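> what follows is a predicted protein model with its sequence.
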Amino acid sequence: MIEVEDVTVSLGGRRVLDSLRLSLPERRIGIVGRNGSGKSTLARAIAGLIVPEAGRVTIGGADMARDRRAALRSVGILFQNPDHQIIFPTVEEELAFGLRQLGRDPAGAAEMLVRFGRADWAGRPVAELSQGQRHLVCLMAVLAMRPRVILFDEPFSGLDIPTTRALRALVAGLEETVIQITHDPAAIDGYDRVVWIDAGTVRADGPPAAVLPAYLAEMEAPDAERLA
Ligand SMILES: Nc1ncnc2c1ncn2[C@@H]1O[C@H](COP(=O)(O)OP(=O)(O)OP(=O)(O)O)[C@@H](O)[C@H]1O
C-alpha cells in the first residue's frame, strides 16, 4: 500500500508538489497531466529519490525518503530515457548491480536474461543495443530486484509500434503494482485508477472512464494551446 501523505516539494524555489495526499492500493495506476505539472517529481518522491520538505511517502509503512534500503527493495523506476539509468558497460553487469546493492545473489541477472529469452545478451555491450533493447535491459534490471511497485515514467516515447506493443504486453503481464506516467490515454485505458496531476495538486482521481474523458476534453480545448 502506497501512502502519499501531504507531500510538498519545491525545486528551484518553485512549489512543484503542494500537500499532495493519495492512498494508492490499486495494482494499475496511471498518472496524467500537462508538461511540468509534477508527475515525474511525484514518481521520484514515491521512489524515495526526493526528500519532501513536508510530508512523506510510505510503502508498507516504510518511509521511502529516509529508509533507502526499503526504498530499493520496494520500488523500481524506469525513466523515459534508458541512458539516464544504465551505468555499466555490459548487460549482465547492469542487471547484477541492483542485486548486489540489495545483498542478493548476482546470479539472478543471468536468470532474468533467460526468462526473457535474452541469455545471449549477457556479455553484450549496452552501447551496441538499440533504444528499445536498452529499455528492455532497464526493465529486466528493475524486475531482477523484485520490487513491489514499478514506476514507469513515460517509458515508451521514441519507441516504434512493435517495440511499444511488446513492452506494453510485458508490463500488462507483471504481477507487481504498476504506476505509469503517460501522455497517451490509450496506454492506461484498462487501469484500475487514473490520477490527473495539475500544478502539483490532484485535479481528478478515479477510474479511467471518469478521469480520462475530462482530461482529454481539457487538453483538446482551444485555450489549452499554450506551452506549459
Ligand atoms: N531539478 C529541478 N530544478 C528546478 N526545477 C525543477 C527541477 N526538476 C523539475 N523542476 C520543475 O518542476 C516542475 C515539475 O517538473 P516534473 O518533471 O515533475 O513535471 P512533469 O509533470 O513530469 O512534466 P513532463 O510531462 O514534461 O515530464 C517543472 O516546472 C520543472 O521545471
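Received the coordinates, thanks.

> now do the strands in this structure.
Counting by DSSP state E, residue ranges of the strands within the chain are 2-11, 14-24, 28-32, 54-59, 62-63, 75-78, 149-153, 177-181, 193-198, 201-206.

> turn these into JSON lines, including mean neighbour count.
All C-beta atoms are positioned from the backbone trio N, CA, C, and that covers glycine. Converted to JSON lines, these look like this (neighbours: other Cβ atoms under 10 Å):
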{"stretch": "strand 2-11", "mean neighbour count": "18"}
{"stretch": "strand 14-24", "mean neighbour count": "17"}
{"stretch": "strand 28-32", "mean neighbour count": "24"}
{"stretch": "strand 54-59", "mean neighbour count": "20"}
{"stretch": "strand 62-63", "mean neighbour count": "16"}
{"stretch": "strand 75-78", "mean neighbour count": "24"}
{"stretch": "strand 149-153", "mean neighbour count": "23"}
{"stretch": "strand 177-181", "mean neighbour count": "24"}
{"stretch": "strand 193-198", "mean neighbour count": "22"}
{"stretch": "strand 201-206", "mean neighbour count": "16"}
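
> okay if I get those strands as JSON lines plus distance to Ile86?
Shown next, in JSON lines, are the strands of the chain (distance: least, Cβ to Cβ, whole Å):
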{"stretch": "strand 2-11", "distance to Ile86": "25"}
{"stretch": "strand 14-24", "distance to Ile86": "26"}
{"stretch": "strand 28-32", "distance to Ile86": "24"}
{"stretch": "strand 54-59", "distance to Ile86": "25"}
{"stretch": "strand 62-63", "distance to Ile86": "27"}
{"stretch": "strand 75-78", "distance to Ile86": "11"}
{"stretch": "strand 149-153", "distance to Ile86": "15"}
{"stretch": "strand 177-181", "distance to Ile86": "20"}
{"stretch": "strand 193-198", "distance to Ile86": "27"}
{"stretch": "strand 201-206", "distance to Ile86": "33"}
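
> would you reformat those as CSV and include distance to the ligand?
Putting these into CSV (distance: least, Cβ to the nearest ligand atom, whole Å) gives the following:
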stretch, distance to the ligand
strand 2-11, 4
strand 14-24, 4
strand 28-32, 8
strand 54-59, 14
strand 62-63, 21
strand 75-78, 13
strand 149-153, 7
strand 177-181, 7
strand 193-198, 7
strand 201-206, 12
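
> got JSON lines for these, with mean pLDDT too?
Listed next are the strands of the chain as JSON lines, based on pLDDT from 0 to 100:
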{"stretch": "strand 2-11", "mean pLDDT": "97"}
{"stretch": "strand 14-24", "mean pLDDT": "97"}
{"stretch": "strand 28-32", "mean pLDDT": "97"}
{"stretch": "strand 54-59", "mean pLDDT": "97"}
{"stretch": "strand 62-63", "mean pLDDT": "97"}
{"stretch": "strand 75-78", "mean pLDDT": "94"}
{"stretch": "strand 149-153", "mean pLDDT": "95"}
{"stretch": "strand 177-181", "mean pLDDT": "96"}
{"stretch": "strand 193-198", "mean pLDDT": "98"}
{"stretch": "strand 201-206", "mean pLDDT": "97"}
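
> tell me what the helix or strand of the chain with the lowest mean pLDDT is packed against?
Ranked by mean pLDDT, DSSP states H and E, the weakest helix or strand in the chain is helix 161-172, scoring a mean of 83. Packing partners of helix 161-172 (3 or more Cβ pairs under 8 Å, 6 or more residues apart in numbering; DSSP states H and E): helix 131-144.

> no further questions, thank you.
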